[in-house]
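> no FASTA, just this:
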Ligand SMILES: Nc1ncnc2c1ncn2[C@@H]1O[C@H](COP(=O)(O)OP(=O)(O)OP(=O)(O)O)[C@@H](O)[C@H]1O
């Protein structure tokens, strides 16, 4: 730590410099948000102090009246946001105001295109926070003293937002943080008291700590005698002398915790602004619900579904959860115990009357109250989404596009709500044959054919591969809808969501697909006849392929392709084998079932081949071709090509 007055120079983390540049340019049209961000940080600092003071009331230093003050100084061209919250130490200020401690930062920067319009959208999602001060200021001074630290150990941070900042030790009698913005030449509008006041009211009305501004000073009035005309009538009454009323700090926001108010008294805009405060998101939320739960466990929840996914959504380790309050006292951010991981996109807060004020993450872990609230909140979110899905398909689709992948983790994580989650899933399907995931399971069930008792799906590496899978041929012919899955998580999903609405989910690539219930007697008889006729051919093929396959069968699922490989019902699916191999896990060798299309000309030709060598070559090529279509790769592609060439050459002779 430097001596008092001696500045230490520090460089910003590279990302901070980049962020600053980008923000100043892209958020210019919305520059007043700097005040929202700084007041929001000041309110958080008050919440944090209140929490720490639960254990150590001395931190209040005799001043428990927490407030944020906003003022302008016309002479010095500055706006100051001052709080008496938790404050920052020298180390904290360097860390918090010199780096970006967010997961997903690298990914964020890699997504920037250099195009201002689209980058400004992205930066909004990233969250701008303290650095937004530089949109309107060309120099920012932060003076801070952490609660419990001596006045002589306070710290001043200063920067012009260009690559570096300085810190130095200062004396500061008052606890907390002052942020002093030295306004840019053309930002003087923010010196106007009314302008500041209207921004504070617009953005910070819901903040539970009082935000104060100075009232106008009322000048002194001198005493004046009554004035009468010639007839003795009073023309001007006497005026009593009055002292000047100095400007006073007065609250400009409601300063009641928004969630404690009645729903009917909170406007849409207030809910939206409050969301931005708790989530640090820039965009409006998609949906929210505010509830007071009474009965055995009593709590208030205010749950928001964001409209845009954050950058680190796919990181299951990322901090998530709700802000926790106990009897209106802020306890912690990101209380993940109240939301399952697959709902990690939900933002908001909980205020419990049943948890103790000294509650810790450890206590929350194993607590009946926590479990009851988590159950209640989970159900609430699932219901909210279900309602949106039926009420507003377009909005639901936009939700699904942002968060659907994460919701697909649900059936594995939350067995109890499987059916409910099932209703929220959306898939691409052969019904529309395009890649938009917009078919729900209830819709699928409603379209099921008479006699169809299963929900059919195919999982492949890409939508195209799923759509063109040979397994679909018979389904297309019979007009049976198949869900087309190609997201990484899909195989995991269907291994946990095995049933919906009493109907089994069945992969079309499995051996046990049996559509015979949908066939008429005539077709069944014809199939049996064909199987008998081909008995010797399938046996010969099995001999040719040896233990590469489990079985060779006549297929009832093909119309255009000559052959296909399928997985036995109790074996691991090909897609799952691929996933395991990708993450470096050992995959047991699983032999497929080889199904041939007895009505295909190529198969008929092979069946008639008397020469054993040639027959074997044909069978191997058919088998490897089917493997290639299914897996997208072969263990030994070169020898496949050699065999194929040999066969083609023989055909030219
Ligand atoms: N007035 C303040 N009092 C105490 N600490 C503060 C204050 N303002 C900022 N900080 C500290 O600096 C950190 C960084 O602030 P910043 O606004 O950049 O990010 P954030 O609030 O964590 O999140 P976001 O960027 O999403 O707004 C805060 O997390 C907090 O620890």
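Nice, I can see it. Fair warning: this is a prediction, and the values are worked out from it, not measured in the lab.

> which residues touch the closest residue to the ligand within the chain?
Nearest residue of the chain to the ligand: residue 129, at 2.5 Å (Cβ to the nearest ligand atom). For every residue, glycine as well, the C-beta is placed using N, CA and C. Going by Cβ atoms under 8 Å, 6 or more residues apart in numbering, residue 129 touches 37, 41, 280.

> Around the ligand, which positions in this structure sit nearby?
Within the chain, the positions near the ligand by Cβ under 6 Å from any ligand atom are 41-42, 45, 83, 85-88, 96-97, 127, 129-131, 177, 280.

> Lowest-confidence one in those residues?
Across those, the bottom pLDDT score, 68, is held by residue 127.

> what about residue 596, distance to residue 622?
According to Cβ to Cβ, to the nearest Å, residue 596 stands 7 Å off from residue 622.

> Residues in contact with both of the two, list them for me.
Common neighbours of residue 596 and residue 622 (Cβ under 8 Å, 6+ apart) are 562-563, 603.

> The residues you listed in helices, which ones?
Mapping the shared contacts of residue 596 and residue 622 onto helices (DSSP state H) picks out residue 603.

> who wins for neighbours among the shared contacts of residue 596 and residue 622?
Neighbour counts for the shared contacts of residue 596 and residue 622 (other Cβ atoms under 10 Å) peak at residue 563, which has 26 neighbours.

> Can you check the contacts of residue 129 and name whichever has the most neighbours?
Highest count within the contacts of residue 129 by other Cβ under 10 Å belongs to residue 37, 23 neighbours.

> Show me this protein divided up by domain.
2-214, 258-391, 410-517, 520-568+581-652 (automatic domain parsing).

> Could you say which one of these comes nearest to residue 398?
Proximity to residue 398 (Cβ to Cβ) singles out domain 258-391 among those, at 7.2 Å.

> Run through the residues that contact residue 291.
By Cβ under 8 Å, 6+ apart, the neighbours of residue 291 are 300-302, 380.

> who does it bridge with?
residue 301 (DSSP bridges).

> what's the pLDDT at it?
Looking at residue 291, its pLDDT stands at 96.

> Residue 635 now?
Residue 635 is given a pLDDT of 85.

> can you give me the mean pLDDT across stretch 314-323?
If you average the pLDDT values across stretch 314-323, you get 77.

> Give me the contact list for that stretch.
103-104, 278, 301, 303, 312, 330, 332-339, 341, 344-350, 377, 405-406, 409.

> One more: stretch 112-119?
Taking Cβ under 8 Å, 6+ apart as the rule, stretch 112-119 contacts 22, 25-26, 122.

> rerun at 6 Å
residue 26 (Cβ atoms under 6 Å, 6 or more residues apart in numbering).

> Can you pull out the low-pLDDT segments for the chain?
Where the chain drops to pLDDT under 70, the residues are 1-4, 102-104, 116-117, 120-121, 124-125, 127, 316.

> where along the stretch 501-650 of the chain do the strands fall?
Ranges of strands in the stretch 501-650 of the chain, per DSSP state E, counting those that start in this stretch, are 503-507, 551-554, 563-566, 593-596.

> Of those strands, flag the one that's most buried.
strand 563-566 (a mean of 26; mean count of other Cβ atoms under 10 Å).

> Indicate each strand paired with that one and its parallel or antiparallel sense.
Using DSSP bridges, strand 563-566 pairs in its sheet with strand 593-596 (antiparallel).

> Measure how buried residue 347 is and give me the count.
23.

> Ok, residue 442 next?
Neighbour number of residue 442 under other Cβ under 10 Å is 14.

> try residue 645
10.

> distance of it from residue 631?
Counting by Cβ to Cβ - residue 645 and residue 631 are separated by 21 Å.

> now do residue 566
12 Å.

> Could you do residue 388 as well?
From residue 388 to residue 631 the distance is 39 Å (Cβ to Cβ).

> Against which helices or strands is whichever helix or strand residue 405 is part of packed?
Taking DSSP states H and E as the criterion, residue 405 maps to helix 393-407. In terms of contacts (3 or more Cβ pairs under 6 Å, 6 or more residues apart in numbering; DSSP states H and E), helix 393-407 is packed against helix 368-391.

> What lies in contact with the helix it packs on?
289, 297, 299, 301, 337-338, 340, 343, 346, 354-355, 364, 395-396, 420, 423-424.

> follow-up on the earlier one: out of the domains of the chain, which gets nearest to residue 249?
Closest among these, using Cβ to Cβ: domain 2-214, at 4.2 Å.

> and the closest one, how far out from the chain's middle?
On the basis of Cα atoms, centre = their mean, to the nearest Å, domain 2-214 sits 26 Å off its chain's mean C-alpha point.

> swap in stretch 239-251?
51 Å.

> buried set for that stretch?
Within stretch 239-251, no residue counts as buried by 16 or more other Cβ atoms under 10 Å.

> okay, now residue 559: neighbour count?
So residue 559, with other Cβ under 10 Å, has 14 neighbours.

> so how far is residue 623 from the closest residue to it other than its chain neighbours?
Spatial nearest neighbour of residue 559, chain neighbours left out: residue 473 (4.3 Å); criterion: Cβ to Cβ, 6 or more residues apart in numbering. Per Cβ to Cβ, residue 473 is found 18 Å from residue 623.

> repeat for residue 463
Taking Cβ to Cβ, one finds residue 463 at 26 Å from residue 623.
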